[in-house]
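Engineer: here is a sequence with its predicted model. Questions after.
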Amino acid sequence: HPYGFDSFYDEEKETGVLKFLLEGIRTHRGKSLAAFLKAIGFIIPLAVPEDASTLTAAVVPTLIREFQSPDEEMKKIVLRV
């Protein structure tokens, strides 16, 4: 059984929670997007530096876009991620 970051993604099968989260970040908006951002914000620190860098690069464009929104709650969530 995998532990730590490995439990969130299976590279051989290209499946897992991480794939679902990244897909959700690309497709959702509003409160549901906030939930996806919170979840991935807790997972990124568990990754080895190379994987964390890749995940961060995938999420940053969304974070920048959402930080520019007028929604104050979304801005707070973006700052936490």
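Structural biologist: Right, received. Where do you want to start?

Engineer: so where's the longest helix in this protein?
Structural biologist: Secondary structure of the chain per DSSP state H: the longest helix is helix 49-67.

Engineer: and whatever helix or strand comes next after that one, what does it pack onto?
Structural biologist: Next in sequence after helix 49-67, counting helices and strands by DSSP states H and E, comes helix 72-80. On a contact count with 3 or more CB pairs under 8 Å, 6 or more residues apart in numbering; DSSP states H and E, helix 72-80 meets helix 30-43, helix 49-67. Bear in mind the C-beta positions are built from the backbone N, C-alpha and C, glycine included.

Engineer: now what about stretch 54-73, what contacts it?
Structural biologist: 18, 22, 25-26, 33-34, 37, 40, 43-44, 47, 74-75, 77-79, 81 (CB atoms under 8 Å, 6 or more residues apart in numbering).

Engineer: mind checking which of these are buried?
Structural biologist: Buried members of the contacts of stretch 54-73, scored by 16 or more other CB atoms under 10 Å, are 18, 22, 25, 33-34, 37, 40, 43-44, 47, 74, 77-78, 81.

Engineer: which two among those are spaced furthest apart?
Structural biologist: Maximum pairwise distance in the buried ones among the contacts of stretch 54-73, criterion CB to CB, is 24.0 Å, between Ala47 and Met74.

Engineer: next, count neighbours for the nearest residue to Val81 once chain neighbours are set aside.
Structural biologist: Closest residue to Val81 apart from its sequence neighbours, by CB to CB, 6 or more residues apart in numbering: Gly41 at 3.7 Å. Here the count is done by other CB atoms under 10 Å, and Gly41 has 16 residues near it.

Engineer: count of residues packed around Arg80?
Structural biologist: If you count neighbours by other CB under 10 Å, Arg80 ends up with 11.

Engineer: now do the same contact list for it.
Structural biologist: Lys38, Gly41.

Engineer: can you check Leu46 too?
Structural biologist: Gly4, Phe5, Phe8.

Engineer: residues touching the second one, list them.
Structural biologist: When contacts are counted by CB under 8 Å, 6+ apart, Phe5 touches Ile43, Leu46, Ala47, Val48, Asp51.
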